[in-house]
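> Just a sequence and a predicted model for now, questions to come.
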Amino acid sequence: MSAHLSQRAGLLISACALALYVWTAAPTLAWGGGDSAKLALWVHRGEVGHAAESHPLYVVLARAFASLPLGGDLAYRLNIFSGLCAALAVGAMFVLCGELAGSAFASACAAVSLA
């Protein structure tokens, strides 16, 4: 499979995953709050902790992403940001599996199963 076709397939799989994540994103905090509520508070306050559970990179990147005019409340924008990160991970999985397996079909199956 050519590199150009592989790039297009990877982008298509990532775009489909992102569309699915955006379509199914919760419009606000999920029922029960949980970790999403804790992360939303940290992003809102700009708290970058040093503990293992504080996720400082997520807080910094999500704070920048949340400032974009996407509509909805902070929790919705964070849900979209998490979906974007997941879609990028799906694309990375496609590329990595393509390099390891050498099969476009196998790497597409691995990426779609991750999604």
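Looks like it came in fine. Everything numeric here is computed off the predicted structure, so don't read it as measured data. Residues are numbered from 1 along each chain as shown.

> could you say which helix or strand contains the spatially most central residue of the chain?
What sits nearest the mean C-alpha location of the chain, by C-alpha atoms, centre = their mean, is Cys85, with 2.1 Å. Assigned by DSSP states H and E, Cys85 belongs to helix 74-101.

> What of Val112?
Assigned by DSSP H and E, Val112 belongs to helix 104-114.

> What mean pLDDT does that helix get?
Per-region confidence: helix 104-114 scores 88 on mean pLDDT.

> tell me what it is packed against?
helix 3-23, helix 74-101 (3 or more C-beta pairs under 8 Å, 6 or more residues apart in numbering; DSSP states H and E). (Each C-beta comes from the backbone N, C-alpha and C, glycine too.)

> Surely Ser54 touches Val43?
No - applying C-beta atoms under 8 Å as the test, Ser54 and Val43 come out as separate, 11.4 Å apart.

> which outside residues touch stretch 17-31?
Stretch 17-31 has contacts (C-beta atoms under 8 Å, 6 or more residues apart in numbering) with 36-37, 40, 72-73, 75-76, 79-80, 82-84, 86-87, 90-91, 111, 115.

> which parts of it are buried?
Residues of stretch 17-31 classed as buried by neighbour count (16 or more other C-beta atoms under 10 Å): Ala17, Leu18, Tyr21, Ala25, Leu29.

> On the pLDDT front, check the first one for me.
Reading off the per-residue confidence, Ala17 sits at a pLDDT of 94.

> ok, and for the helix holding Cys85, which residues are buried?
Using 16+ other C-beta under 10 Å as the test for burial, helix 74-101 gives 74-87, 90-91, 93-95, 97-98.

> Among Ser54 and Val43, which residue is more densely surrounded?
Neighbours were counted for Ser54 and for Val43 using other C-beta atoms under 10 Å; Val43 has more, 25 against 15.

> and the worst-scoring helix or strand of the chain on mean pLDDT, what does it pack onto?
Lowest mean confidence among the helices and strands of the chain (mean pLDDT, DSSP states H and E): helix 35-45, at a mean of 80. Other helices and strands packing on helix 35-45, by 3+ C-beta pairs under 8 Å, 6+ apart, are helix 56-66, helix 74-101.

> Please compute how far that helix lies from its chain's middle.
With C-alpha atoms, centre = their mean, to the nearest Å as the basis, helix 35-45 stands 16 Å off its chain's centre.

> Before I go, just wanted to say thanks for your time.
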